[in-house]
Each structure stands twice: as C-alpha cells, then as structure tokens.
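1. here is a sequence with its predicted model. Questions after.
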Amino acid sequence: MKFFIDTANLEQIKEMQALGIIDGVTTNPTLLAKEGAEPIEQLRKICQVVDGPVSGEVIGLTTEEMINEARELSKIAPNIVVKIPFTKNGIKAVKILEPEGIKTNVTLVFSQNQVLIAAKAGASYISPFIGRLMDNGQNEIDMLWESMEILNAYDFKSELIVASIRNTRHVIESAKMGAHIATIPFNVLEKMFKHPNTDQGLEAFLKDWEKLQGELKK
Ligand code: G3P
C-alpha cells in the first residue's frame, strides 16, 4: 500500500519524508491557500522534495480551461499529477489528457458510479472523499469496498487514492481492502505512530536497565 501525504506544507512533507514512509503528495486549492504562497512555486518546491506523484488541482470549469491549466501544471515537474474535479467537463478533459501522457487524479468523488466513470475515462488515479461521506452520515467504508470490487473486476488501470481521511481507522480499513493508496493528513500519520503501551513499555525497560546497572556496580 502506498502512503501519500495530504498537505501542501513543506515542513510536514519533509518530516514524514525523512521517515521513509511517503510515496507521494496530494494538494488541493484549500491546502495551497493555507500555505499562503504562490501555488505554482509551492508545487515546484514540493516536487523538489518528493520523487513520487504530486497532485495539483485545476481551477477552470470548462474542458478547455482544465486542459490548458493541466498542460501548464505538467510543466512544473515530471512527477506532477493533475487533479480534475469529477464533472462531465472534467471527464472529457481526462480522456484528452491521459493519451498526452499527463496523469490525472479525478477528485471530489463520492459514489461508486463516479468511480466507474472515472475508471472508464482512463484516469490514472481516482480520489473518493470518504471523510466527507462520513460527515454526511453515509457509509464511507462500504463505498470504498464496492469501488475496489469494481476496479478489481476489470482491467482498469486506475489506482484508488482514499482521500479526506479523518482518522487512523480509515487508513486501516483502506489497507484491509487493498486500496492502492491512502492520502493521509499529517495529524493522522502522527497518530499512527503512537501507542501509550509503547511509551510506557520503553520507559519501564530503561528504568529496569538502569536499576540493573546500579546493582552491578555494588
Ligand atoms: O485529498 C482530499 C482532501 O484534502 C479533502 O479532505 O478533510 O477537506 O475533506 P477534507
């Protein structure tokens, strides 16, 4: 399973990258706006830090606008992936961009129908937003299972990026179903490292070791 980090913050990316667990990065207009930097420049900096796929999103709503923006974004670095919102115009753009060699990540996906259409269009990546489904009171885990069943039932090349992850359980559920990628926020990655028994156990081991050293000196 691949881990992407869902952030546009360079410090967060570098910190997790240093642990060797990050395979790519996803951003969106909101995440880039949080950083307050010029978006193209910020994406360029991220691409310099990470070898794997880095998603940047188009803003235009017509197919033509999306295609033009995607072509510009793809000039930033070879590892740029262009996020395209799931709309009819977006799907048309995916059909044109993928054969040009521009990788797309269809975003704002909320249903199995949308997953199937994005896969048929030939998207490299498809991003269901499971946290927002959960917020709506919908069963986000069932939606993921069925999406994976659909992708596995045929020879679709699309990889599923589980997005809008809210907690560590979302990552574990994604792993259990063999989802290709989880794009995980920094705070959730931090929580995945933590367990109180690990800290308490380590403290006890060190205390006992020190006690033994003291006894041996007597
Ligand atoms: O990758 C999509 C993600 O950034 C959306 O997350 O938390 O805004 O629903 P959220």
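-> Thanks, I have the structure now. Numbering: from 1, shown residues only.

2. for this structure, which segments count as helices?
-> If you assign secondary structure with DSSP state H, the helices in the chain sit at 10-18, 29-35, 39-49, 63-73, 88-97, 112-121, 130-135, 140-153, 168-176, 186-193, 196-217.

3. tabulate these (CSV), appending mean pLDDT.
-> Formatted as CSV, the entries for the helices of the chain read as follows, by pLDDT from 0 to 100:
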stretch, mean pLDDT
helix 10-18, 98
helix 29-35, 98
helix 39-49, 98
helix 63-73, 98
helix 88-97, 98
helix 112-121, 98
helix 130-135, 98
helix 140-153, 97
helix 168-176, 98
helix 186-193, 98
helix 196-217, 97
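
4. would you mind listing what in the protein touches the ligand?
-> Contacts of the chain with the ligand, taken as CB under 6 Å from any ligand atom, map to Asp6, Thr26, Asn28, Leu31, Ser127, Phe129, Gly131, Arg132, Ala163, Ser164, Thr183. All C-beta atoms are positioned from the backbone trio N, CA, C, and that covers glycine.

5. thinking again about what came up before, need the helices of the chain in JSON lines with distance to Val82 and mean neighbour count, can you?
-> Formatted as JSON lines, the helices of the chain follow (distance: least, CB to CB, whole Å; neighbours: other CB atoms under 10 Å):
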{"stretch": "helix 10-18", "distance to Val82": "19", "mean neighbour count": "16"}
{"stretch": "helix 29-35", "distance to Val82": "13", "mean neighbour count": "14"}
{"stretch": "helix 39-49", "distance to Val82": "11", "mean neighbour count": "17"}
{"stretch": "helix 63-73", "distance to Val82": "4", "mean neighbour count": "18"}
{"stretch": "helix 88-97", "distance to Val82": "7", "mean neighbour count": "20"}
{"stretch": "helix 112-121", "distance to Val82": "13", "mean neighbour count": "19"}
{"stretch": "helix 130-135", "distance to Val82": "21", "mean neighbour count": "18"}
{"stretch": "helix 140-153", "distance to Val82": "20", "mean neighbour count": "17"}
{"stretch": "helix 168-176", "distance to Val82": "23", "mean neighbour count": "16"}
{"stretch": "helix 186-193", "distance to Val82": "23", "mean neighbour count": "15"}
{"stretch": "helix 196-217", "distance to Val82": "40", "mean neighbour count": "9"}
